[in-house]
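Asks: Next comes the sequence, and after it the predicted model I'd like to discuss.
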Amino acid sequence: MKKTFVTKEKLEEIVKQYPTPFHLYDEKGIRANVKELYEAFSWNKGYKEFFAVKATPNPFLIQILHEYGCGCDCSSMTELMLSEAVGIVGEDVMFSSNDTPVEEFQKAAEIGGIINLDDITHIEKVEQAIGHLPKKMCCRYNPGGVFRISNGIMDNPGDAKYGMTEEQMQEAFRIMKAKGVEEFGIHAFLASNTVTNEYYPMLSRVLFELAVRLQQSTGVKISFINLSGGIGIPYRPEQEKNDIRVIGEGVRKAYEGILVPAGMGDVALYTELGRYMMGPYGCLVTTAINEKHTHKEYIGVDACAVDLMRPAMYGAYHHITVMGKEDAPCDHTYDVTGSLCENNDKFAIDRQLPQIEMGDLLVIHDTGAHGYSMGYNYNGKLKSAEILLREDGSFEMIRRAETPKDYFATFDFCDVLKNMKWQ
Ligand SMILES: *Cc1c(COP(=O)(O)O)cnc(C)c1O
């Protein structure tokens, strides 16, 4: 059974102060998890996690991770600005973007971040942006084909827009070396939300072998390998959680089997995890406000797909707990819906749940990554607040909910707004 990290009593206390819907984050869980991650990779001297900002772009949460040594993985102007605003700059920033505008290369260089090139043509773009190439740079690899682990195909890099071929990596490294780059990194992201301990070790073998070939063929100094994101979380109750220690050990074996014999035992390992760092430590709290009995049984809640898009976008499963009814029989079949004029605005379809009464608090699990951040304003819906449940049981609003004034803010050229009475 999947448990909530917050009790019903605590939630009722929070709801008195902050109305639903909101995303709630678990400081205790975030801290324990990042500690465990660093322990699992402590055998590698230069190991560093660059938190994928896009997963949960909240400065309060990023600051917690920074206490443990995490940097930021950014891929847009505002993500770079956010990182800079929380004081994460220099080589604590990895800029892993694609289809990149020149100004973003400029900003990344301005704050001293490590630029990860998605394409060979971006060498010139960086020169155009800042007049030279930084001393330390990275290139993103795409092996093409399908990516397999022992029990089947994981993903399809051949269809992915990201990264360069091996030949392009070779050529890029030669060109960059000739233009003064001194330290090189290799990056690849080949599969997403992997709920298996095999992904990182498999990916490491691919990247470590590539690193050896590239070092031998181009003579460049490869100083880091970035395993990027992709470690997943068990969204479904029957799934088993990844064991980060087993993953760390698997990567160590590959490192000692491939890099060390090639004289590359000083290569630092980087990760850019997003989902794994925050996913389970956030939930969406919402209240049942309508029920409807037609051809099916519907429970309408006060959150909608703008608060959590994954079910609508990917048909993703998010577990739901009806607070206070954890032990009640799941003898009702409901569609749990939001209010958008979109039939895919459903947090659950044909879900077995206990009987839900109006006013019940529902916790939608595992929304800590790619949850709030994917939100949007369709139907003029406003984005929710974010609240942090502290380790000592206190709670704090770490982002306020949007108001109509925020929604209309981009019409600031328009006279009608001058007479608007803001709620
Ligand atoms: C999205 C992304 C990540 C994080 O992915 P997760 O699945 O959240 O681990 C890391 N690096 C890059 C370049 C990404 O685009």
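Replies: Sure thing, it's come through.
Asks: what does the stretch 301-423 of the chain have sitting close to the ligand?
Replies: Ala369 (Cβ under 6 Å from any ligand atom). From N, CA and C alone the C-beta is placed, and that goes for glycine too.
Asks: Pick out the residue of the stretch 301-423 of the chain closest to the ligand.
Replies: Relative to the ligand, the nearest point of the stretch 301-423 of the chain is Ala369 (5.5 Å; Cβ to the nearest ligand atom).
Asks: now do the stretch 251-400 of the chain
Replies: Closest point on the stretch 251-400 of the chain to the ligand, by Cβ to the nearest ligand atom, is Gly274, at 2.6 Å.
Asks: pretty sure that residue contacts Pro57?
Replies: No. The pair Gly274 / Pro57 is not scored as a contact, 10.2 Å apart, by Cβ atoms under 8 Å.
Asks: more neighbours, those two?
Replies: Using other Cβ atoms under 10 Å, the more surrounded residue of Gly274 and Pro57 is Gly274, with 24 against 20.
Asks: Which residues are in contact with that one?
Replies: Gly274 is in contact with Phe51, Ala52, Val53, Lys54, Ala55, Thr56, Asp73, Gly229, Ala369, His370, counting by Cβ atoms under 8 Å, 6 or more residues apart in numbering.
Asks: Met420 now?
Replies: Contacts of Met420 (Cβ under 8 Å, 6+ apart): Phe408.
Asks: List phi and psi for it.
Replies: phi -70, psi 140 (degrees, to the nearest 10).
Asks: could you measure the residue of the stretch 251-400 of the chain closest to the ligand against Glu36, distance?
Replies: 16 Å (Cβ to Cβ, to the nearest Å).
Asks: Next: Arg236.
Replies: Counting by Cβ to Cβ - Arg236 and Glu36 are separated by 22 Å.
Asks: cool, and Asn197?
Replies: 14 Å.
Asks: neighbour-wise, which of those two wins?
Replies: Legend: neighbour count by other Cβ under 10 Å for Asn197 and Glu36, higher for Asn197 (20 against 13).
Asks: and the more buried one, what does it touch?
Replies: Asn242, Asp243, Val246, Ile247, Gly250.
Asks: same thing but 10 Å
Replies: 149, 231, 240-250 (Cβ atoms under 10 Å, 6 or more residues apart in numbering).
Asks: What is the nearest of the residues you listed to the ligand?
Replies: Closest to the ligand out of the contacts of Asn197 is Ile231 (6.1 Å), distances taken as Cβ to the nearest ligand atom.
Asks: just checking, the closest one touches Asn33?
Replies: No. With contact defined as Cβ atoms under 10 Å, Ile231 does not reach Asn33; the gap is 11.0 Å.
Asks: Give me the more crowded residue out of the two.
Replies: With neighbours defined as other Cβ under 10 Å, Ile231 and Asn33 compare such that Ile231 has more, 26 against 20.
Asks: Can you show me the strands along the stretch 151-300 of the chain?
Replies: Here the stretch 151-300 of the chain has its strands, by DSSP state E, counting those that start in this stretch, at 152-155, 183-187, 222-226, 268-271, 282-293, 297-301.
Asks: of all these, which lies closest to Phe173?
Replies: strand 183-187 (6.1 Å; Cβ to Cβ).
Asks: Quick one: work out the angle between that closest one and strand 222-226.
Replies: Between strand 183-187 and strand 222-226, the angle comes out at 20 degrees (axes from the mean of the first three to the mean of the last three Cα atoms, to 10 degrees).
Asks: any common contacting residues for Asn197 and Glu36?
Replies: Common neighbours of Asn197 and Glu36 (Cβ under 10 Å, 6+ apart) are Asp243, Ile244, Arg245, Gly248.
Asks: Quick check: the third one vs Leu37, distance?
Replies: When distances are taken as Cβ to Cβ, Arg245 and Leu37 turn out to be 10 Å apart.
Asks: With Arg213 instead?
Replies: Plainly put, Arg213 is 29 Å away from Leu37 if you go by Cβ to Cβ.
Asks: How about Glu9?
Replies: Counting by Cβ to Cβ, the gap from Glu9 to Leu37 is 31 Å.
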